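Trainee: coords please:
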Amino acid sequence: MNVSHLPLRLAIGAFVLNSGVSKWNLQGEEAAGMHGMAAGAIPPIKRVPPEQFARLLAGTEVALGAALLLPVVPSALVGLGLLGFGGGLMRLYWATPGMHQPGSPRPTQQGVPIAKDSWLIGAGLTLLLDDVLGRAAGKRRGLGRQIARRCGKRRG
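Mentor: Here you go, the predicted model:
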């Protein structure tokens, strides 16, 4: 893991983990409300019972938060997780009436709590691209060193 990823991973990881833990035992109206909102944006979710959906969502958040906090999990992998999770939230934002102003991506007051989660996509892309491009640059530098060493040995 790149040390410069640590602040981003710690902040987001702690937040997402806490969110998952707080949802773990949701039941009744709370689970039904969250389920109804998600099912309105993603119709196949209607087939999943509300309590089961709440537990699946909580488990996803706990797993993603823990992965972000564990430095052994590659940044590219947690970046993909953040992209998927953030993408789901943005789908919810776009598909739920009243979340954004008509004909505009700008959120309404009701949409701000979900629209703000767009930062998950930005963070996911940052972790993914930095990790993948950093590895690619490292391989190029490594190859260059190998060529330089081989060329240097022939000369000397």
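
Trainee: which parts of the protein are helices?
Mentor: Using DSSP state H, the helices of the chain run over 6-23, 28-41, 50-69, 75-95, 112-115, 118-155.

Trainee: make CSV out of the ones you listed and add mean neighbour count.
Mentor: Where C-beta positions appear, they are placed from N, C-alpha and C, glycine not excepted. Below are the helices of the chain laid out as CSV (neighbours: other C-beta atoms under 10 Å):
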stretch, mean neighbour count
helix 6-23, 16
helix 28-41, 16
helix 50-69, 19
helix 75-95, 19
helix 112-115, 16
helix 118-155, 13
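
Trainee: can I get these in a markdown table with mean pLDDT and distance to R106?
Mentor: As requested, the helices of the chain are exported to a markdown table (pLDDT from 0 to 100; distance: least, C-beta to C-beta, whole Å):
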| stretch | mean pLDDT | distance to R106 |
| --- | --- | --- |
| helix 6-23 | 96 | 24 |
| helix 28-41 | 94 | 18 |
| helix 50-69 | 97 | 27 |
| helix 75-95 | 95 | 11 |
| helix 112-115 | 92 | 8 |
| helix 118-155 | 74 | 12 |
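
Trainee: including distance to S104, could these go into CSV?
Mentor: Shown next, in CSV, are the helices of the chain (distance: least, C-beta to C-beta, whole Å):
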stretch, distance to S104
helix 6-23, 27
helix 28-41, 18
helix 50-69, 28
helix 75-95, 11
helix 112-115, 11
helix 118-155, 14
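
Trainee: so what's Q27 closest to, chain neighbours aside?
Mentor: E51 (5.5 Å; C-beta to C-beta, 6 or more residues apart in numbering).

Trainee: is it true that that neighbour touches N25?
Mentor: No: at 9.5 Å, E51 does not count as touching N25 under the criterion of C-beta atoms under 8 Å.
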